[in-house]
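> sequence first, then the predicted structure:
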Amino acid sequence: MLKLTAFGTLLAAGLMLTTCTAISAQSWMTHQDPAGFSVEVPRGWRVGSEGGRVTAAGPNAERVTIYPLRVEGRLDPGRARGVLVSLSTQFWPRQRWNMPSDGWQFGANGVRAVGADESRVREMTALWWANTGQGATGFFYAVAAPPARFAATEAAFAHILGSFRVTQADGGGGGGGGGGRPGASDPLGGIQFRRWVDPTETAYSAEVPAGWRVSGGIKRFGTGTGRVSETVAQSPDGQVTVRSGDVRIPHQFMEPNQTLMNLGQREGQWGSGGGYFILRFMPAVNFAADYVQRNVAGTCGNLRWLRQSDRADYVRNLAARGLLLERNHYTAGEVIFTCQSGGQPYVGYLFVETSVNPNPGVANMWSVTKLEGFMAPADRATQADAILHRMLASTSVNPQWWAAQVGADARIMENHRRYREFSANLQQQTQAERWASWDRRTEQTGDTLQGRTRVVDPQTGEAYKVENTSNYYWVDPTRGVIAGTNLPYKPTWDFREMIQTYR
């Protein structure tokens, strides 16, 4: 966790706030939160903490948000700007984020952005970071208010941000097992790693957690050179599984065609000699979803998708660096899901890359060139994600084995190394955003299982948990009453509609 030395000065510089207005000490109160922080806010403001994010909300749509985070790898202004805009968009998707008039950057380690949405709320966000030997740590923060009130509230914003302090959390909730809130602790803290070597052909090695059960290696298909590999690491209690590759997947697929049908070979069968499996092409995101349904749904019930995303951006980045074969067609995709096993919620992540080798007039051959992910209890997903990245980034091919496979071509070997290194880093660029959302996904899953939903008063920013029995929810702020209806009509004129954030 960062030390908050001169934090108020830093934020004032980053968000261009002023502190010229005198603030009476009697108009402020100190909020001591059991989650592990304290902050001073004007009387009448509400303070809350959710998913590692601290929010102070005023009575007139004013809001201050503070979010500590940890990012894998070092940050520079360009990458930090990407993290800033990504987090800003994730937290407030209706906003349009732009560069301030005097530029993105402030100082050597700060970037900022401005935004506005249909409600005409003025928003400013900023990210300040410090690079360490274990990656980058920093603070994301935002202030918002109606444009007419923004200037008058700047002094209060600066005071709130400057008063924020990290304290000792009560009890220890949210940090057990290394899977607590992002930024609250090192997800790999206390884990020792060892180098595991492929036991079948000593073809490659990777760093894995010491004491974990690790299996895998090379598997060859048919009489040719077709091969696949896998590395599977499982925690001692069996609850966390991290995987790279799967030897159950054929190394090569052939799309069904008339020629194969004439030979009596149908989809779902092995081809002659076991050199290929007949199956129509599946884009990566579809293959990932099908893989989860086949391999997870039977043992982890109540499967629900949190995300199914095509990763065309990943393919474009690899192609731009000459790391893909030009004649082939590539797709990439990822899925995130939740399920129930042993009475507790699990979170899973899977990334897949596929490649099609077109052969006009003959048959299209395709393969799964990358499959990696994890399954873990929801409160350990952050740790599993970090272990996956460590395992992928540390994988190294035995050069003697490689030379025996393809000949001593140093250029091919170097291109293969560059592909592995760049693709691992590229896939993990969104890791900070994934960490930032694990707690929110876990909370949503728990609420769904308990028949609850989360609603927010759009005018005050205050959030509530209510029974998920209606299509619409309304609040009467004068009486503090929340009501639900199945039709979009107010119970009475003095109610206003609330936003359901789980939709």
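Done, it's in.

> model confidence for residue 454, exactly?
pLDDT for residue 454: 82.

> all strands of the stretch 1-150 of the chain, in order?
28-33, 37-42, 46-50, 53-57, 63-71, 96-98, 110-116, 122-132, 135-145 (DSSP state E, counting those that start in this stretch).

> a markdown table for those strands, including mean neighbour count, mean pLDDT and distance to residue 331?
C-betas here are computed from N, CA, C, even on glycine. Below are those laid out as a markdown table (neighbours: other CB atoms under 10 Å; pLDDT from 0 to 100; distance: least, CB to CB, whole Å):
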| stretch | mean neighbour count | mean pLDDT | distance to residue 331 |
| --- | --- | --- | --- |
| strand 28-33 | 14 | 84 | 45 |
| strand 37-42 | 19 | 86 | 43 |
| strand 46-50 | 16 | 82 | 36 |
| strand 53-57 | 22 | 87 | 34 |
| strand 63-71 | 23 | 84 | 27 |
| strand 96-98 | 13 | 82 | 29 |
| strand 110-116 | 21 | 83 | 32 |
| strand 122-132 | 21 | 83 | 32 |
| strand 135-145 | 23 | 84 | 30 |
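
> could the ones you listed be laid out in a markdown table, adding distance to residue 210?
Formatted as a markdown table, these follow (distance: least, CB to CB, whole Å):
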| stretch | distance to residue 210 |
| --- | --- |
| strand 28-33 | 36 |
| strand 37-42 | 34 |
| strand 46-50 | 34 |
| strand 53-57 | 34 |
| strand 63-71 | 22 |
| strand 96-98 | 43 |
| strand 110-116 | 38 |
| strand 122-132 | 23 |
| strand 135-145 | 21 |
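
> tell me where the model's unsure across the stretch 301-450 of the chain.
By pLDDT under 70, the weakly predicted segments of the stretch 301-450 of the chain are 360-362, 406-450.

> before we move on, the earlier item: closest to residue 189 out of the strands of the stretch 1-150 of the chain?
Relative to residue 189, the nearest member of those by CB to CB is strand 63-71, separated by 11.0 Å.

> show me how far that closest one is from its chain's centre.
15 Å (CA atoms, centre = their mean, to the nearest Å).

> partners of it, with directions?
strand 53-57 (antiparallel), strand 135-145 (antiparallel) (DSSP bridges).

> so that strand versus strand 122-132, what angle?
Angle of strand 63-71 versus strand 122-132, following axes from the mean of the first three to the mean of the last three CA atoms, to 10 degrees, is 30 degrees.

> the closest residue to residue 28 other than its chain neighbours: what's it in contact with?
Of all residues not flanking residue 28 in the chain, residue 40 sits nearest, at 5.1 Å (CB to CB, 6 or more residues apart in numbering). Taking CB atoms under 8 Å, 6 or more residues apart in numbering, we find residue 40 in contact with 28-31, 159-160, 163.

> please apply the same query to residue 145.
Per CB under 8 Å, 6+ apart, neighbours of residue 145: 58, 60-63, 121-122, 153.

> please redo it, this time with the cut-off set to 10 Å
58, 60-64, 121-124, 151-154, 156-157 (CB atoms under 10 Å, 6 or more residues apart in numbering).

> ok, the residues you listed vs residue 359, which is closest?
Out of those, the member with the shortest distance to residue 359 (by CB to CB) is residue 123, at 52.8 Å.

> any idea how far that closest one lies from residue 315?
Separation of residue 123 from residue 315 (CB to CB, to the nearest Å): 33 Å.

> got it, and residue 151?
46 Å.

> isn't residue 157 right next to residue 45, touching?
No: Residue 157 is not in contact with residue 45 according to CB atoms under 10 Å; the separation is 11.4 Å.

> all helices for the stretch 351-500 of the chain, in order.
Along the stretch 351-500 of the chain, counting by DSSP state H, counting those that start in this stretch, helices occupy 381-394, 399-406, 410-427, 431-449.

> for residue 281, what are phi and psi?
The phi/psi pair for residue 281 (degrees, to the nearest 10) reads phi -60, psi 140.

> what of residue 246?
Torsion angles, degrees, to the nearest 10, at residue 246: phi -160, psi 110.

> count the neighbours of it for me.
Look at residue 246: counted by other CB atoms under 10 Å, it has 17 neighbours.

> then the one 4 residues further on?
Residue 250 is flanked by 21 other residues according to other CB under 10 Å.

> helix/strand/coil for it?
Secondary structure, DSSP: H, G, I helix; E, B strand; the rest coil: residue 250 is coil.

> what distance do you get for it to residue 230?
Applying CB to CB, the value for residue 250 to residue 230 is 13 Å.

> before we move on, what about residue 192?
Taken as CB to CB, the span from residue 192 to residue 230 is 23 Å.

> with neighbour numbers in mind, choose between the two.
More crowded of residue 192 and residue 230, by other CB under 10 Å: residue 230, with 19 against 8.

> what sits against that one?
198, 215-219, 243-249, 371-372.

> checking it next. Helix, strand or coil?
Secondary structure, three-state DSSP: residue 230 is strand.

> ok, what's across the strand from it?
residue 217.

> tell me, what's the model's pLDDT at it?
Residue 230 is given a pLDDT of 93.

> follow-up on the earlier one: how about the strands paired with strand 63-71 in CSV, adding distance to residue 106?
Conversion of the strands paired with strand 63-71 to CSV gives the following (distance: least, CB to CB, whole Å):
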stretch, distance to residue 106
strand 53-57, 22
strand 135-145, 13
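
> of all the ones you listed, which one is nearest residue 236?
strand 135-145 (25.8 Å).

> which residue sits closest to residue 206, ignoring its sequence neighbours?
Nearest to residue 206 is residue 395, by CB to CB, 6+ apart, at 4.3 Å.

> burial of residue 62, as a residue count?
24.

> likewise residue 325?
11.

> apart from its neighbours in sequence, what residue is nearest it?
residue 355 (7.7 Å).

> and the one you found, bridged to which residues?
residue 330, residue 367.

> and residue 463, by the same measure?
residue 456.

> pLDDT weak spots in the stretch 151-300 of the chain?
Judged by pLDDT under 70, the stretch 151-300 of the chain has its weakly predicted residues at 167-186, 221-226, 259-261, 263-264, 272-275.

> strands of that one, start to end?
Under DSSP E, counting those that start in this stretch, the stretch 151-300 of the chain gives strands at 165-166, 193-197, 204-209, 213-220, 227-234, 241-244, 253-254, 277-278.

> mind checking how far residue 192 is from residue 137?
From residue 192 to residue 137 the distance is 22 Å (CB to CB).

> ah, wrong one, I meant residue 47
23 Å.

> what sits in contact with each of residue 157 and residue 45?
Shared contacts of residue 157 and residue 45, counting by CB under 10 Å, 6+ apart, come down to 56, 58, 62-64.

> save those as CSV, and put in distance to residue 454 too.
Listed next are those as CSV, based on distance: CB to CB, whole Å:
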residue, distance to residue 454
56, 19
58, 21
62, 21
63, 17
64, 20
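
> tell me the one of those nearest residue 238?
residue 56 (42.1 Å).

> neighbour-wise, which of residue 151 and residue 315 wins?
Remark: of residue 151 and residue 315, residue 315 carries more neighbours, 20 against 12, as counted by other CB under 10 Å.

> just to be sure, the more buried one is in a helix?
Yes: assessed by three-state DSSP, residue 315 belongs to a helix.

> how about it, nearest residue that isn't a chain neighbour?
Nearest to residue 315 is residue 330, by CB to CB, 6+ apart, at 4.8 Å.

> which residues touch that neighbour?
Contacts for residue 330 (CB under 10 Å, 6+ apart) come out as 284, 312, 314-316, 318-319, 324, 353-356, 369-370.

> thanks again, I'm all set now.
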